[in-house]
Structure formats: structure tokens, C-alpha cells
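[1] here is my input, please return the structure:
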Amino acid sequence: MIDIHAHLLPQVDDGPDSWEKSLAILRRGIEDGIKGVVCTSHVLNRLDEELEREFVGKFEELKKRVKEEDLRISLWLGSEIHCNAEFNPKSKIATLNGNGKYALLELPLVGIPNDVEDIFFRLSVEGITTILAHPERNSVIAEKLEIAYNFIEKDVLLQSNAGSLTGQFGKRVKHTVLEMLDHRMIHFIASDCHSPHRRPMILSRAYKIITRHYGEKTAEELFIVNPYKAVIGEEISPSPPIPIHENRRRKRFSRLKIFRSCQNVNMQSSFVKKRIDASARIKLKMAESEVVEAIKRAAEYIVQALRLGGKVLLCGNGGSAADSQHIAAELVGRFKLDRNPLAAVALTTDSSILTSVGNDYGYHDVFRRQVEALGKKGDVLIGITTSGSSKNVILAMRAAKEKGMKPLGLLVKKAKL
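    From the prediction side, this is the model:
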């Protein structure tokens, strides 16, 4: 087994306070069958060069002591970054094993910051996938698992604590993590060890629970396969989560308590400024990237289609559906200058077509059928999917390509067309 979340460096956080305790944690982990571990000390406020040097220095000392003690375990360095902390994603300790691919982030136990999805997005722009540590212990997620489901839809991976499964954090947390497992919403299980005895590096008990309830294959994915891929920076493609139904039968907590807990989220002016600054930084980075040339080419395709008497079709789901309608409105109406109207149609607006095709063929065909009916050679289809995996958008773009149209994608991740 490989443990991707462990507090082993002494005197840097609430983990061990001596080298002896650090080594005692490792000995217990080795006895438990753990072959490799990532040292993920807390970053609570700011990841600067001084903190990075401290972590790296203590990590090198730990490796030296492990070698002297002849302890047979692989060690890697990373960190557990609080979602409100300031950090540079390019720091050598911001990602697991410094691979620049996976970062371990932590939510508060109470409440969820409003800008957390912006943080996930900024990391994804850097090519980094967020691994969210122990979401089952967050009070808001425990009350509404749909939040965790939506995180996964945005390509966030979730890591549960072994102690959550064994009941170490109470019945509520155990019930939550089991329900998340039932819905395929957990991708790693780690120890989150802090000490040799109170919170030890033990995974075998949780491994047995997973094997008994979900099978050996699932256990291997959660404890061995996915953790190893995260360490070496290899792509992880988990099975899609099972949607959460509103009528799920589970204990509910006081909505008043949840409301009060959300009052603790920082809503000061600095919070607003932080979001504006983050947005500006992303746009400035885009201005220096290959995205500029891609936007230029897309605009040329659209201009050519319109000049030849063609049109622009647009499609997307949810917020992307609203974006489709907004763009179509700007083309048919006006943007900055008065001009002749330009032919554009959002394929997201005709409720009769959407419901009839969805009923007769399936929701994945609602845009494809319209493209086949309305699209002509030389037209442009703009498909909007932030995940790059919306099936109905991808099928529509494939249909457009077959008809000789020019399919253009607005997405975060590359779609498989």
C-alpha cells in the first residue's frame, strides 16, 4: 500500500514533535504493509521559500535517518495545503513528489470558502489536479454530498482517511464516507497519520473493510493503484460518480448549525480583491500562451463562415447553455457597434426539441440531432464544456465535423473528438 497523506516531519505542524516519534510512525506503517509514503505537512497560511526550505531540510534528514535505521519504505515529499493559504503551484512541495500534477488541498472542518472552485480552476490551468483531503469530515459536505459530487464533476479527486472508515472520527463521519464510497466518490484512502499511537500510520483495517464491502479490485485502486499514479504524476481516470438523489435516507443535521458555520467564511473586502487578482493573473498568463493564437484562428473561422452566408451554432449544458445563448444574442443583436445582424443559433433554447429528442433518443443526442438538421458545410459549431467530457456536446461536434462544419471547443480539458 502507498500512503499519500502523512504528517511525518517533526516540529513543523501538529504531527510528531521528535525524530523518535517520526521513526516510530514509520515502523508501525511498515509493519502494517505500507511500502511508500508522501510526507504532507500542513501549509496553513503561506507557502513561501522559508517554509519550503524547512520542509525540504527536514525531509532530507528524515531520509537519512530512515536509511541509517534500515527501514524499508519509500519516502516522497509534498504538503497538505489549506485552501485559504497563499501558495505558488510551482513550488517543489506544492504537489506530491514535486511532480507538478497532483496537489493535496484541505478544506476547513466547518464551512466551505466561496472561492474554493476558483482555486481548483487556477490549479487546473497550471495542469494540476486537486486532491481534496478528507472531505467526509467537512460539516457542509456531510450534510449535502451533492457538493462533493459537483467537485468531482470539475475533475477534483477525493481522499478519505482510513480512520473515517474505522470509526475513529465518530459515527457521523463513518456514515458519510460509506455513502460517498457507495456513490464512487472516493479515489484514495490514506492514513493522515500524526503520531505513533493516537493517529498512527495504519491502512490495513480500512483495506479489509473496503475489500469486504466493495471487493479486492476497488481496494487495490484506493490503496495502491491510484496513490502510485498520483506519486509518479500519471493520469488517473476514475469511474464517474453515481449521482446523489435528493431523497437519500440519512441523518440530517440542524440547518441552523450549518447556517451559523457558514458565517465563519471570510467575506471581507480582501476576499473580493483576492478573486479579482486571481482572475487577472490567469488572463495575463493566457495572454502569453498559445491560447492567443487559438482564439485568433477561431475568430477567422467564424468570420469566414459568416461572410460566405453561413451561421454559428452553439451548445452547452448548465452555465455553458447560458453562455451559448449570450454569445448568440451578441451576434444577432449587437456587441459594441451597430452593424447588420449575424446568423447565430443557440441549440439550448427550444424546450420542445430538447425534451422530445431527450425522451425518444436520450439526452446525449439533444444537440447532435439539431446539428444534423440545421448545420451546413462551412458553418461553425461552438461547443462549450468546461470538463471536456460532456457527451452531448462531443457528439454534436463529431456530427458537425462529419457535415463539413468547423467545430470549435471552449473547454478546460481536451475533449476526445
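[2] assign a three-state SS to Phe121, would you?
    helix (DSSP: H, G, I helix; E, B strand; the rest coil).
[3] ok, it - how many residues close by?
    The number of residues packed near Phe121 is 18, by other CB atoms under 10 Å. In this view, the C-beta of every residue, glycine as well, is placed from N, C-alpha and C.
[4] can you check Ile295 too?
    Counted with other CB under 10 Å, the neighbours of Ile295 add up to 13.
[5] and Leu23, what does it touch?
    65-66, 69, 71 (CB atoms under 8 Å, 6 or more residues apart in numbering).
[6] err, Leu181, not the other one
    So Leu181 contacts 160, 210, 213-214 (CB under 8 Å, 6+ apart).
[7] ok, now with 10 Å
    Shown in contact with Leu181 (CB atoms under 10 Å, 6 or more residues apart in numbering): 136, 160, 165, 189, 209-210, 213-214, 218, 222.
[8] now render these as JSON lines, adding neighbour count, secondary structure and pLDDT.
    As requested, the contacts of Leu181 are exported to JSON lines (neighbours: other CB atoms under 10 Å; DSSP: H, G, I helix; E, B strand; the rest coil; pLDDT from 0 to 100):
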{"residue": "Glu136", "neighbour count": "27", "secondary structure": "helix", "pLDDT": "96"}
{"residue": "Ser160", "neighbour count": "30", "secondary structure": "strand", "pLDDT": "97"}
{"residue": "Leu165", "neighbour count": "25", "secondary structure": "helix", "pLDDT": "95"}
{"residue": "Ile189", "neighbour count": "30", "secondary structure": "strand", "pLDDT": "98"}
{"residue": "Ile209", "neighbour count": "19", "secondary structure": "helix", "pLDDT": "96"}
{"residue": "Ile210", "neighbour count": "23", "secondary structure": "helix", "pLDDT": "96"}
{"residue": "His213", "neighbour count": "13", "secondary structure": "helix", "pLDDT": "92"}
{"residue": "Tyr214", "neighbour count": "17", "secondary structure": "helix", "pLDDT": "93"}
{"residue": "Thr218", "neighbour count": "16", "secondary structure": "helix", "pLDDT": "96"}
{"residue": "Leu222", "neighbour count": "25", "secondary structure": "helix", "pLDDT": "98"}
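[9] export these to CSV and tack on distance to Pro241?
    Shown next, in CSV, are the contacts of Leu181 (distance: CB to CB, whole Å):
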residue, distance to Pro241
Glu136, 14
Ser160, 14
Leu165, 18
Ile189, 16
Ile209, 20
Ile210, 17
His213, 17
Tyr214, 14
Thr218, 14
Leu222, 14
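[10] low-confidence bits of the protein, can you list those?
    By pLDDT under 70, the low-scoring segments of the chain are 246-271, 412-417.
[11] can you list the domains in it?
    2-262, 290-410 (automatic domain parsing).
[12] where along this structure do the strands fall?
    2-6, 36-39, 42-43, 74-77, 80-82, 102-106, 129-133, 157-161, 188-190, 312-316, 344-346, 380-384, 406-410 (DSSP state E).
[13] so Gly309 sits against Ala343, correct?
    Yes: at 8.1 Å, Gly309 counts as touching Ala343 under the criterion of CB atoms under 10 Å.
[14] quick one: Ala373 and Lys403, what's the gap?
    10 Å (CB to CB, to the nearest Å).
[15] and those two? Which one has more around it.
    Using other CB under 10 Å as the criterion, Ala373 and Lys403 rank with Lys403 on top: 17 against 9.
[16] quick check: that one vs Gly378, distance?
    10 Å.
[17] ditto for Lys67
    In terms of CB to CB, Lys67 sits 66 Å off from Gly378.
[18] just to revisit the earlier point, who's more crowded, Gly309 and Ala343?
    Per other CB under 10 Å, whichever of Gly309 and Ala343 has more neighbours is Ala343, with 15 against 10.
[19] number of residues surrounding the closest residue to the more buried one other than its chain neighbours?
    Leaving aside its chain neighbours, Ala343 sits nearest to Lys311 (3.6 Å; criterion: CB to CB, 6 or more residues apart in numbering). Number of residues near Lys311 (other CB under 10 Å) recorded here: 21.
[20] what do you get for Ala328?
    23.
[21] same thing with Leu284?
    Neighbour tally, Leu284, other CB under 10 Å: 10.
[22] distance of Lys273 from Ala280?
    Counting by CB to CB, the gap from Lys273 to Ala280 is 10 Å.
[23] looking at Lys67 and Gly378, which is more packed in?
    A direct count of neighbours by other CB under 10 Å for Lys67 and Gly378 places Gly378 higher, at 17 against 10.
[24] that older thread, could you save the contacts of Leu23 as CSV and add columns showing distance to Arg122 and neighbour count?
    Formatted as CSV, the contacts of Leu23 follow (distance: CB to CB, whole Å; neighbours: other CB atoms under 10 Å):
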residue, distance to Arg122, neighbour count
Arg65, 37, 15
Val66, 35, 19
Glu69, 40, 11
Leu71, 38, 14
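[25] relative to Glu50, which of these is nearest.
    When the contacts of Leu23 are compared for distance to Glu50 (CB to CB), Arg65 comes out closest, at 22.9 Å.
[26] tell me who's in contact with that closest one.
    19-20, 22-23, 26, 71.
[27] so Ser390 touches Leu410, yeah?
    No: Ser390 lies out of contact with Leu410 (CB under 10 Å); the separation is 11.3 Å.
[28] hey, what's in contact with both of those two?
    In contact with both Ser390 and Leu410: 316, 320, 383-384, using CB under 10 Å, 6+ apart.
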